[in-house]
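Novice: my questions concern the predicted model and sequence given below.
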Amino acid sequence: MAHAGVGVAHLVLQPKEDRGWPPGLDRTIADLRALAQGLGGSAMVLNAPFAIKAELPIFGADSAETEVLRRLKREWDPQDLFNPGRLDLP
């Protein structure tokens, strides 16, 4: 699904019911991110198996914006209660 004129596209990968998620999904995600970044954009993972999500920077490569999000989370959620572990807070 895409939003014309806005530059936002949603790609949904679904596992095969009898086989689950394919091996190498993390590499596929990395390739899609590299493609998006090469075009001046970014890619976020909104939903994925926990084992894959736990190993990925969900918001993509670190940026100035990511650091702003980290600072806000530290300020507003110092105990890391909401979405624990998100943004790799210490």
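Specialist: Received, thanks.
Novice: so what's the residue count around residue 53?
Specialist: Using other CB atoms under 10 Å, residue 53 has 14 neighbouring residues. All C-beta spots, glycine's among them, are computed from the backbone N, C-alpha and C.
Novice: who touches it in this structure?
Specialist: residue 45 (CB atoms under 8 Å, 6 or more residues apart in numbering).
Novice: what do you get for residue 28?
Specialist: Per CB under 8 Å, 6+ apart, neighbours of residue 28: 13, 22.
Novice: that one and residue 17, how far apart?
Specialist: 19 Å (CB to CB, to the nearest Å).
Novice: what of residue 37?
Specialist: 32 Å.
Novice: ends of stretch 45-55, how far apart?
Specialist: 11 Å (CA to CA, to the nearest Å).
Novice: my bad, should have said stretch 20-27
Specialist: Per CA to CA, the first residue of stretch 20-27 is 16 Å away from its last.
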